[in-house]
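Colleague: Sharing a model that was predicted from the sequence below.
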Number of protein chains: 2
Amino acid sequence: MASSVFLPHNHQHCVQDALRQADTYCEEQGVRLTPLRRRVLELIWEEHKPIGAYDLLARIASEGFNSAPPTVYRTLDFFIQHGLIHKVESLNAYIGCNHEQGSHTSVFFICQNCGVTEELQNPAIEGQLALQAAGMGFQINHPTLEIKGLCKACRHA
Amino acid sequence: MASSVFLPHNHQHCVQDALRQADTYCEEQGVRLTPLRRRVLELIWEEHKPIGAYDLLARIASEGFNSAPPTVYRTLDFFIQHGLIHKVESLNAYIGCNHEQGSHTSVFFICQNCGVTEELQNPAIEGQLALQAAGMGFQINHPTLEIKGLCKACRHA
DNA sequence: AAAATTTGCGTTACATTATAACCTAGCATT
DNA sequence: AATGCTAGGTTATAATGTAACGCAAATTTT
Ligand SMILES: [Zn+2]
Ligand SMILES: [Zn+2]
Ligand SMILES: [Zn+2]
Ligand SMILES: [Zn+2]
C-alpha cells in the first residue's frame, strides 16, 4: 500500500476505476449517470487536484453542454450527495473520491505548490477527534479536515 | 478548566478580554488598533459565532463607517495576519481568537443548530496529524480543522 | 520643522462563487 | 395514453471576495 497520488502512477487507471465504480454505484442505487454527469466526473478526475465549478463549467460548455451555472452545480450536488466527490472548502473546489461509499471521514493533504491533493482515512486522527468531542458532549456530524502544505516532491525541489 | 463557549458565561468578560488583549498586542507590535478596527473586532466578538464579512459590513456601515467591501476585507485581513481572528472556511465567516498569538493549530467545533463555535487546541490530534504527514513526507503549513455537529445543549434539546 | 515614507482607508469597478425560480422534455410507472 | 418523476435548460440574482487608484493622516527621516 505505498500508492499515493503524490507519486508517479498510471493515471488512466485512476480515471477508469473511478468511472467504473460510478457506473456500478449508480446502477445499484437506481440513479442515472447521464452523459453530462459522466463527463463532469471524468473532468474532475482528470488530475488529482481540486477543480473549481466555473473551470468545470467552461470545459463542459466548450464541449456543447449548457453553460449556465446551475448545470454544473446540480451535477456537483448530485455527486456530493452520493459520496462520489467532495468539496474542498478551503479552496472552493471539488475533487473525486475513490473510497468506499457511504459517509466517511477523510483528511485532505493539499500541496500548495503543485496542487495535488490526497484524500486519506486515518482512524487514529478520527479517534482523537472523537475523544475530544466526547469530552465536550459534542456530536460530530461532518468534519472538514484539510491540510495545506508541501508534498514530498515539492519539498525536495 | 471547564470553561466552554457552549456553556452559559458572562460574555462581557470575553469581549473585554479580547479587546484588551488586542490593545496590548497592537501596542507591543507597533501596529494601530484604529476605531474602525476596534469596532470590527468588537462586533466579531459579539457572539461566539462566526460572522460573515457582509454582515459585518452592514453593521459598520449603519454606524457611519464606509460601506464598501474593501473596508471590511482589509480589516479582516489585518486581524488574520496578526492572528487575532480566524476564517472558518466551511462557513465563509470569521471568528475571534483568544489563544496565545503566533500561528497555532486549532480545531473548530461548530454547532449546526445554534451556530456557537469553539476553538480548541488539542496536541493529541495535532500529533496524529503530524505523524500521518511525516509518513508521507508532507510538510504541514496550514491545517483547516472544522467539525460541524451538535453541541451538548442542542443535542439534549 | 520640513520632507519623505508608510499606513489606513475612501472609492470605483469588477471577479468569483453560488442559488432561486420557473419551465420543458424525456423517461418511468401505471 | 395518462401520470408522475427526473434531468437539465433558462433567466435572473445573491453572496463572497479583489484589483487598482488616490488621498490624507500618521510616522519616520533629514
Ligand atoms: Zn491518479
Ligand atoms: Zn506538490
Ligand atoms: Zn464568551
Ligand atoms: Zn448548539
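Modeller: Perfect, thanks for sending it. Residues are numbered from 1 along each chain as shown, chains lettered A, B, ... in the order given. Ligands and ions are numbered 1, 2, ... in the order given.

Colleague: drop to CA atoms for contacts and neighbour counts, all remaining ones
Modeller: Noted.

Colleague: Pretty sure A:Phe109 sits against A:Gln121.
Modeller: No: when contacts are counted by C-alpha atoms under 8 Å, A:Phe109 is not listed as touching A:Gln121 (11.0 Å).

Colleague: quick one, which of the two is more surrounded?
Modeller: Between A:Phe109 and A:Gln121, A:Phe109 has the larger neighbour count (other C-alpha atoms under 10 Å in any protein chain shown), namely 27 against 13.

Colleague: Which residues of chain A lie near DNA strand C?
Modeller: Residues of chain A lying close to DNA strand C by C-alpha under 7 Å from any atom of the strand are A:52-55, A:68-70, A:73, A:92-93.

Colleague: restrict the residues you listed to those near DNA strand D?
Modeller: Among these, DNA strand D is touched by A:68-70 when using C-alpha under 7 Å from any atom of the strand.

Colleague: and the longest strand along chain A, which strands flank it?
Modeller: As assigned by DSSP state E, the longest strand anywhere in chain A is strand A:139-150. Strand pairing for strand A:139-150, using DSSP bridges, gives strand A:107-111 (parallel), strand B:139-150 (antiparallel).

Colleague: want to throw the ones you listed into JSON lines with distance to ligand 3?
Modeller: Listed next are the strands paired with strand A:139-150 as JSON lines, based on distance: least, C-alpha to the ion, whole Å:
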{"stretch": "strand A:107-111", "distance to ligand 3": "30"}
{"stretch": "strand B:139-150", "distance to ligand 3": "18"}
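
Colleague: so of these, which one's packed in deepest?
Modeller: strand A:107-111 (a mean of 24; mean count of other C-alpha atoms under 10 Å in any protein chain shown).

Colleague: What are the contacting residues of stretch A:149-157?
Modeller: A:6, A:109-114, B:136-142 (C-alpha atoms under 8 Å, 6 or more residues apart in numbering or on different chains).

Colleague: make it 10 Å
Modeller: Stretch A:149-157 is contacted from outside by A:6-7, A:109-118, B:133-134, B:136-143, using C-alpha atoms under 10 Å, 6 or more residues apart in numbering or on different chains.

Colleague: Stretch A:121-140 now?
Modeller: Residues contacting stretch A:121-140 (C-alpha under 10 Å, 6+ apart): A:99, A:104-108, A:143, B:2, B:4, B:6, B:107, B:109-111, B:120, B:122-132, B:147-156.

Colleague: what mean pLDDT would you report for the longest helix that chain A contains?
Modeller: Looking across chain A with DSSP state H, the single longest helix is helix A:11-29. Average pLDDT, helix A:11-29: 95.

Colleague: packing partners for it?
Modeller: Where contact means 3 or more C-alpha pairs under 10 Å, 6 or more residues apart in numbering or on different chains; DSSP states H and E, helix A:11-29 is packed against helix A:35-44.

Colleague: Phi and psi next, for the residue of chain A found nearest ligand 3.
Modeller: Closest residue of chain A to ligand 3, C-alpha to the ion: A:Met136 (16.2 Å). Phi and psi for A:Met136, reported as degrees, to the nearest 10, are phi -90, psi -10.

Colleague: Please report the distance of it from B:Ala22.
Modeller: Between A:Met136 and B:Ala22 the computed distance is 28 Å (C-alpha to C-alpha, to the nearest Å).

Colleague: what about these two, which has more around it?
Modeller: B:Ala22 (20 against 15).

Colleague: Angles on the backbone of the residue lying closest to that one once chain neighbours are set aside, please.
Modeller: Nearest non-adjacent residue to B:Ala22, counting by C-alpha to C-alpha, 6 or more residues apart in numbering or on different chains: B:Leu84, 7.3 Å away. Note on B:Leu84: backbone dihedrals following degrees, to the nearest 10 are phi -90, psi -20.
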